[in-house]
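Asker: just the structure for this:
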Amino acid sequence: MNQWPDRPTLTMRIRILWEGKTKDLHLRAIQQDLAGRIEHFTPLSVEELPGPRGDRYARKAGLTSGERALLEKLRGATKVLLDERGRERTSQEFAAWLGQEALRGSRELAFLVGGPQGFSIAFRKEADVLLALSRVPLTRDLARTILLAQIYRGFAILRGYAYPR
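Answerer: Just a heads-up that it's a prediction; the model follows:
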């Protein structure tokens, strides 16, 4: 039962897909902690995808076979692509956006974090939302951690929990 009747109960699933594993053990521990916290609010799955190999590593203008397979896997989900050209949101704006996605009936939000080469231009065009965590370049490991922190913070704001600033 929702303890806060004036706040929506979010039943959408959060799915985060990123290429490779987080190498930094400290960041990996923080990511696991944040994932556990998010799961108190909504179902969460974090998937580590294998990176491209050989000649496929070079980015082309069209979709790669891996990107096509990923799009098929995410059919029906709202695809949120982390991209430096995306829209930056404050924590309050991000929380409001999460709430709106739930109210609009989104069943699954799929956050996609690319590898060292990022995603192709064609793949970016398939995204429903382009999200920038920062205009400052971030390592993939740090971007993953910040994404989890922002998702947790968004849910905490929506539920009226105190969250340190």
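Asker: low-confidence ranges in the chain?
Answerer: For the chain, the stretches with pLDDT under 70 are 1-10, 52-61, 163-165.
Asker: so who does the residue nearest the centre of the chain touch?
Answerer: Geometric centre of the chain, nearest residue: F111, 2.7 Å, by Cα atoms, centre = their mean. When contacts are counted by Cβ atoms under 8 Å, 6 or more residues apart in numbering, F111 touches 14-17, 80, 82, 131, 147, 151. Using the backbone N, CA and C atoms, a C-beta is placed for each residue, glycine as well.
Asker: ok, of those, which one's closest to L98?
Answerer: Closest approach to L98 among the contacts of F111 (Cβ to Cβ): I151, at 7.7 Å.
Asker: what is the helix ranked longest in the chain packed up against?
Answerer: In the chain, assigned by DSSP state H, the helix with the most residues is helix 140-158. Helix 140-158 sits against strand 13-19, helix 25-38, helix 91-103, strand 108-113, with contacts defined as 3 or more Cβ pairs under 8 Å, 6 or more residues apart in numbering; DSSP states H and E.
Asker: can you mark which positions in it are buried?
Answerer: 140-141, 143-158 (16 or more other Cβ atoms under 10 Å).
Asker: how about stretch 35-54?
Answerer: Applying 16+ other Cβ under 10 Å to stretch 35-54 flags 35, 37-38, 41-42, 44, 46, 49, 52 as buried.
Asker: and G86, which of the three is it?
Answerer: What DSSP: H, G, I helix; E, B strand; the rest coil gives for G86 is strand.
Asker: that one and K21, how far apart?
Answerer: Using Cβ to Cβ, to the nearest Å, G86 is found at 24 Å from K21.
Asker: which residues sit in contact with G86?
Answerer: Going by Cβ under 8 Å, 6+ apart, G86 touches 129-132.
Asker: need the contact list for the closest residue to it other than its chain neighbours.
Answerer: For G86, ignoring the flanking residues on the chain, the nearest one in space by Cβ to Cβ, 6 or more residues apart in numbering is L130 at 3.2 Å. Contacts for L130 (Cβ under 8 Å, 6+ apart) come out as 80-81, 83, 85-87, 124.
Asker: alright, that wraps it up for me.
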